[in-house]
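>>> coords please:
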Amino acid sequence: MKLAKTRINAGFTLIELMVAVAILAVLASLASPSFRQLLAAQRVRATAYSIVSDLVLARSEAVKRGESVTLTPSTADWAGGWNVKVASSAEVLSAQNGVGSGVVFTTAPTTITFDRNGRSTSDTVVRFGLSDGSTRWRCISLDPSGRPKSATTECPA
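Prediction:
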């Protein structure tokens, strides 16, 4: 007696595959705008953290060396990058590349100098304003004592 072999077809049909790809395309197009917003917010946040860490570095190096240390833009604009330098010798302690597209400096000082005590040489609060150009804001404040703070808000004028 012969046993009949039945063949089981496993897998997707072409129609089922096309429907699945179409659904995936629709879901990807819905997720794309919020992913772009997430990336823009992350760029602003990363730039703010980089500035704060270089402000802390400049302050600690000024105290450690017992002389003034400056934070200056490496080009005409802070978006092109910045350097932490010893004021007397122009020795570069840290250099940051430009921030790239998507981050706008709304306010920024021309230079920041820390004296040998780690205090800012400015008598007023110095602010960096960062934005993604529309809705994401970051304000970095440096008080005369030399301590930086970062907040998720637009800098006051």
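>>> What lies in contact with the lowest-mean-pLDDT helix or strand in the chain?
One helix or strand of the chain scores below all others by mean pLDDT, DSSP states H and E: strand 104-107, with a mean of 86. Outside of strand 104-107, the residues within contact range by C-beta atoms under 8 Å, 6 or more residues apart in numbering are 77-79, 127-133, 154-155, 157. Heads up, the C-betas are built off the backbone N, CA and C, glycines and all.
>>> distance between that strand and the chain's centre?
The chain centroid and the centroid of strand 104-107 are separated by 13 Å, computed with C-alpha atoms, centre = their mean, to the nearest Å.
>>> about what we covered before: write the ChimeraX selection for whichever of the contacts of strand 104-107 are buried.
Buried residues among the contacts of strand 104-107 (16 or more other C-beta atoms under 10 Å), as a ChimeraX selection:
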select :78,79,127,128,129,130,131,132,155
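>>> Including secondary structure, could the contacts of strand 104-107 go into JSON lines?
JSON lines is the format used below for the contacts of strand 104-107 (DSSP: H, G, I helix; E, B strand; the rest coil):
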{"residue": "Asp77", "secondary structure": "coil"}
{"residue": "Trp78", "secondary structure": "helix"}
{"residue": "Ala79", "secondary structure": "helix"}
{"residue": "Arg127", "secondary structure": "strand"}
{"residue": "Phe128", "secondary structure": "strand"}
{"residue": "Gly129", "secondary structure": "strand"}
{"residue": "Leu130", "secondary structure": "strand"}
{"residue": "Ser131", "secondary structure": "strand"}
{"residue": "Asp132", "secondary structure": "coil"}
{"residue": "Gly133", "secondary structure": "coil"}
{"residue": "Glu154", "secondary structure": "coil"}
{"residue": "Cys155", "secondary structure": "coil"}
{"residue": "Ala157", "secondary structure": "coil"}
